[in-house]
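A.B. asks: Structure for this input, please:
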Amino acid sequence: YPIVIRGQDSTHANTGNLTLRYSPALPAGTTLTAPANAATNVAVRPTLTWSAVPGANEYVVEIDNDPAFGSIDQTATVTGTSYAVTTALTGMTQYHWRVRTKNYCGAGANPTAFAFTTLPQFCATPGTAIPDNNPAGTTVQITIPTIGALADLDVAFATNHTWTGDLTVRLTKGATSATLLDRPGANGCQGGNANLVLDDEGTAGAAQSSCANDDPAYAPPGGHYTPSQPLSVFDGAEAGGTYAVFVSDTASGDSGVIQSLCLLPTILSDNIFKNGFQQP
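C.D. replies: Take a look at the predicted model:
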């Protein structure tokens, strides 16, 4: 409700506008819809949804791996009925989430929370610059908790970088190492913004020879390509531990950043996860 306030004395006159906002009562609680309660194999960047509540102006979303919400991991305030998680959650972890309604009277009561368990998908989104024409490159580390022996390991890799043919990508854990990309196209691939999954069982082609002089360099984005060296060298060992992803650019004139990296383990006797992977 807009209100005009005027003030005047013998020499001055001032006018100001005041807006009063009104809600008749605290809003009712909402109903959580997705992911369903106790859902499993949920992406590490899920979209949470709930029902609209008449009289609610805002919704406060809270996510925590503690069912008591004692140290909330992520929170956001939105006006709609969905929230896309922007910072990747930890893979293979149970999270609890709730949505609290708000209006001009204040916040409604905390509703009953839902829970979901994420895929074994362990990501870093570093935005790390790849040094141009520098064999020393850069290294990003990803740690996986102790979860069992590996049956298979894939790596999702995305960049904002021109001339993908300049890049070398290598995965190392302890004394075990595999080169995933080795200047694809023999440095002849001019395509940029590579976004692919390195997968020994990939059906989109060999990463070394499938890089195109286009943007994106690999199409469709997120396709599964076989790496330069097989990732099977990691199979059979405990999945848990710290992995180092080395990326270097060994030619001048093109630059960019690592947008995201994800390790996608399949644990022995739990092969459901590989087919359930969702690209971040």
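
A.B. asks: can you pull the contacts of the residue nearest the centre of the chain?
C.D. replies: By CA atoms, centre = their mean, the mean C-alpha position of the chain lies nearest to Ala88, the distance being 3.7 Å. By CB atoms under 8 Å, 6 or more residues apart in numbering, the residues touching Ala88 are 44-45, 121, 123, 125, 262, 280. Yep, even glycine has a C-beta here, placed from its N, CA and C like the rest.

A.B. asks: before we move on, what about Pro67?
C.D. replies: Each residue near Pro67 by CB under 8 Å, 6+ apart is listed here: 96, 113, 115.

A.B. asks: Of the residues you listed, which qualify as buried by neighbour count?
C.D. replies: Neighbour counting by 16 or more other CB atoms under 10 Å classes 96, 113, 115 among the contacts of Pro67 as buried.

A.B. asks: What is the nearest of those residues to Ser255?
C.D. replies: Checking these against Ser255 by CB to CB gives His96 as the nearest, at 41.5 Å.

A.B. asks: what pLDDT does the closest one get?
C.D. replies: On pLDDT, His96 comes in at 98.

A.B. asks: On the strand side of things, show who it bridges to.
C.D. replies: Asp64, Ala115 (DSSP bridges).

A.B. asks: what's the spacing between it and Ala36?
C.D. replies: Remark: distance between His96 and Ala36 (CB to CB, to the nearest Å) = 14 Å.

A.B. asks: Overlap of the contact sets of those two?
C.D. replies: By CB under 8 Å, 6+ apart, the residues touching both His96 and Ala36 are Phe114.

A.B. asks: which secondary element of the chain has the worst mean pLDDT?
C.D. replies: Lowest by mean pLDDT, DSSP states H and E among the helices and strands of the chain is helix 272-275, with a mean of 42.

A.B. asks: so how far is Asp166 from Leu264?
C.D. replies: To Asp166, Leu264 is 25 Å away according to CB to CB.

A.B. asks: hmm, I was thinking of Gln259
C.D. replies: Distance, Gln259 to Asp166, by CB to CB: 16 Å.

A.B. asks: quick one, which of the two is more surrounded?
C.D. replies: Using other CB atoms under 10 Å as the criterion, Gln259 and Asp166 rank with Asp166 on top: 24 against 18.

A.B. asks: For that one, give me its contacts.
C.D. replies: Residues in contact with Asp166 (CB under 8 Å, 6+ apart) are 183, 187, 249-251, 254.

A.B. asks: Among those, which one is most surrounded by other residues?
C.D. replies: Among the contacts of Asp166, the one with the most neighbours (other CB under 10 Å) is Asp249, at 28 neighbours.

A.B. asks: Mark which of the contacts of Ala88 are part of strands, please.
C.D. replies: Among these, the subset assigned to strands under DSSP state E consists of 123, 262.

A.B. asks: and which of the contacts of Ala88 is nearest Leu26?
C.D. replies: Using CB to CB, Arg45 is the member of the contacts of Ala88 that lies nearest Leu26, at 31.8 Å.

A.B. asks: Skipping adjacent residues, who's closest to that closest one in space?
C.D. replies: Val85 (4.8 Å; CB to CB, 6 or more residues apart in numbering).

A.B. asks: Need the pLDDT of the one you found.
C.D. replies: pLDDT, read off for Val85, is 96.

A.B. asks: quick one: it and Asp73 touch, right?
C.D. replies: No - contact criterion CB atoms under 8 Å: Val85 and Asp73 do not qualify, at 10.0 Å.

A.B. asks: Common neighbours of these two, please.
C.D. replies: Residues touching both Val85 and Asp73 by CB under 8 Å, 6+ apart: Ile63.

A.B. asks: what's in contact with the helix or strand Tyr59 falls within?
C.D. replies: For Tyr59, the enclosing helix or strand under DSSP states H and E is strand 58-64. Here strand 58-64 makes contact (CB under 8 Å, 6+ apart) with 30, 48, 50, 69-81, 83, 85, 89, 95-103, 107.

A.B. asks: List only buried entries from the residues you listed.
C.D. replies: Burial by neighbour count, 16+ other CB under 10 Å: within the contacts of strand 58-64 this picks out 30, 48, 50, 69, 73, 81, 83, 85, 89, 95-103.
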